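> sequence below, structure please.
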Amino acid sequence: MKPVELIKQPIKKEMELFEKKFKDSMLSKVPLLNRITYYIVRRKGKQMRPMFVFLVAKMVSNGGFDERTYRGASVVELIHTATLVHDDVVDDSNRRRGFYSINALWKNKIAVLVGDFLLSKGLLLSIDNEDFDLLKLISIAVREMSEGELLQIEKARKLDITEDIYFDIIRQKTATLIAACCGIGAASVGVKQDTVQQMRKFGEYIGIAFQIKDDLFDYSDEKIGKPTGIDIKEQKMTLPLIHSLNNCTAKEKAWIINTIKKHNKNKGRVKELIAFVKENGGIDYTISQMNSYKNKAITILNNYPESPYKDSLLKMIDYVVARKI
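Have a look, this model is predicted:
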C-alpha cells in the first residue's frame, strides 16, 4: 500500500464522503463553471489538506466527529484550489499536477474568475452555516499567503534574503495553510482554544518541514519529476543557498550573487553552484533544520494518547520529510 493510502486508512469513509460533499460545494447554475469545476475535481491531488483536517479532528476528540468538520475540509480545499488557479495565472504556468492548467485551457480571464468563484464559495459555505471560527482561521491563512508571496517577490529583486526572512516567507507561503487545516480540524469538533492553537502550531511546523523538503529537491540527484536548479534559474533564495552565502568568503559570495543574477540560465554555471552548495554544507544544514521542525511537530503529538489518528499523523510527518516529490 502506498504511504498516502496507509495514512488515509483510519479516515477512509470520511474522505470518500468528503469527495462528494466537496464536489457539491462547487455547483453553479453556469454550465461553463460546472465544466471547469468538473475538470478540477477529476485532476485532484493527494488531498493532504483535508486529511489533516479529519485526522486532527478525530485525534483531539478521541474519534468524535461533526458535520462542521466536512465543511471545514471543503472550505480549505475550495480556498486552496482558488489560490492554485490564481498562482498558475501569476506564474504563466500551463501545467498543474501533470494536467493542463485552467488558464492554459480557458485563458487567464476565465481562470481568474474561476478562482474568484471558488474563493466566494468557500467564504459563503462558512457564512451560511455560521462557522465564523473556521472562517477566521482560513482568512488568516489567505492573508498570510498573499503577504508571503509579495515578500518573496520584493526580496528576490535585491537577493537580500536572510535566514529569518526565509523562514518568514515559507511560514506564510506554505505553512500557514497547513496550520489552518489543523486548527480548523480541532475547532470543528468544539475543543478548547488552547488545543486549536496547539494544532495550528503543529501544522505550521509540518508546513515548514514540507517547504524545506521542497527546496532540497532543487539539489537532488534523484529523478523526481522536477529538474534540479529550477529555483536558482528563477532566482529563488532557498535555505541551502542562504546558508552557503552566509558561510563563504567575500570572493565566493560575489561569485554566487553574480551567478544568480547574470548566469542563472547557464546550465554549467548552475551545476557549479549546486556543487558548491553541497560541498559547503548547505544541504546538511538544511536537512538538520528540516528534522528540527519535524521533531517539534512530533513533540506536540506526544501530548495526545495513542490512537489510529495520531499514528497516521506521525506517518504523515515521516512522509513529508521522506517523499520523493
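
> strands of the protein, start to end?
For the chain, applying DSSP state E gives strands covering 95-96, 99-100.

> quickly, which of the ones you listed bottoms out on average pLDDT?
Across the strands of the chain, strand 95-96 has the smallest mean pLDDT, namely a mean of 66.

> for residue 296, what are its contacts?
Shown in contact with residue 296 (Cβ atoms under 8 Å, 6 or more residues apart in numbering): residue 205. Glycine gets a C-beta too; all of them are placed from N, C-alpha and C.

> show me the shaky parts of the stretch 101-250 of the chain.
221-229 (pLDDT under 70).

> what do you get if the cut-off is 90, keeping everything else the same?
For the stretch 101-250 of the chain, the stretches with pLDDT under 90 are 101-118, 121-122, 149-162, 173, 190, 214-238, 241, 244-250.

> which residue ranges of it form helices?
Using DSSP state H, counting those that start in this stretch, the helices found in the stretch 101-250 of the chain span residues 102-128, 132-158, 163-170, 176-187, 193-216, 230-233, 239-246, 250-262.

> return the most buried member of these.
Sort the helices of the stretch 101-250 of the chain by mean neighbour count, taking mean count of other Cβ atoms under 10 Å, and helix 176-187 sits at the top with a mean of 30.

> what lies in contact with that helix?
Contacts to helix 176-187, defined as Cβ under 8 Å, 6+ apart, come from residues 49-50, 52-57, 60, 69, 72-73, 75-76, 80, 133-134, 137-138, 140-141, 144-145, 148, 195-204, 206-207, 210.

> before we move on, what about stretch 274-281?
For stretch 274-281, contacts defined as Cβ under 8 Å, 6+ apart pick out 218-219, 228-229, 232, 240-241, 243-244, 247-248, 252, 256, 283.

> which one of those is nearest to residue 15?
Closest approach between those and residue 15, by Cβ to Cβ: residue 218, at 31.5 Å.

> now do the contacts for the residue lying closest to that closest one once chain neighbours are set aside.
Distance criterion Cβ to Cβ, 6 or more residues apart in numbering; nearest residue to residue 218, sequence neighbours excluded, is residue 231 at 4.4 Å. By Cβ under 8 Å, 6+ apart, residue 231 lies in contact with 215, 218, 238, 241.

> okay, now the second one: neighbour count?
Here the neighbour count serves as a burial measure; for residue 218 (other Cβ atoms under 10 Å) it reads 22.

> okay but it is in contact with residue 238, surely?
Yes: using Cβ atoms under 8 Å, residue 218 is in contact with residue 238, at 6.6 Å.

> about what we covered before: now the contacts of residue 231 as TSV including distance to residue 107?
Shown next, in TSV, are those (distance: Cβ to Cβ, whole Å):
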residue	distance to residue 107
215	32
218	31
238	32
241	35
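
> let me have the helices of the stretch 101-250 of the chain in CSV, extended by distance to residue 88.
Listed next are the helices of the stretch 101-250 of the chain as CSV, based on distance: least, Cβ to Cβ, whole Å:
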stretch, distance to residue 88
helix 102-128, 5
helix 132-158, 13
helix 163-170, 20
helix 176-187, 17
helix 193-216, 17
helix 230-233, 16
helix 239-246, 25
helix 250-262, 25
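
> ok, back up a step: can you put the contacts of stretch 274-281 in TSV and add distance to residue 121?
Converted to TSV, the contacts of stretch 274-281 look like this (distance: Cβ to Cβ, whole Å):
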residue	distance to residue 121
218	35
219	39
228	38
229	38
232	38
240	39
241	39
243	42
244	44
247	48
248	49
252	51
256	45
283	42
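
> show me which of those is closest to residue 7.
Each of the contacts of stretch 274-281 was checked against residue 7 using Cβ to Cβ; the closest is residue 218, at 25.7 Å.

> distance of the residue nearest to residue 218 relative to residue 210?
Distance, residue 231 to residue 210, by Cβ to Cβ, to the nearest Å: 15 Å.

> show the contacting residues for the most centrally placed residue in the chain.
Centroid-nearest residue in the chain: residue 174, 4.2 Å away (criterion: Cα atoms, centre = their mean). By Cβ under 8 Å, 6+ apart, the contact set of residue 174 is 148, 207, 208, 210, 211, 214.

> these two touch, right, the fifth one and residue 167?
To tie it back to what came earlier, the one meant is residue 211. No: Residue 211 lies out of contact with residue 167 (Cβ under 8 Å); the separation is 9.5 Å.

> with adjacent residues omitted, what lies nearest to residue 204?
Residue 204's closest residue in space is residue 179 (Cβ to Cβ, 6+ apart), at 4.1 Å.

> likewise for residue 23?
In space, residue 23 is closest to residue 41, 5.4 Å off (Cβ to Cβ, 6+ apart).

> for that neighbour, give me the pLDDT.
For residue 41, the model assigns a pLDDT of 76.
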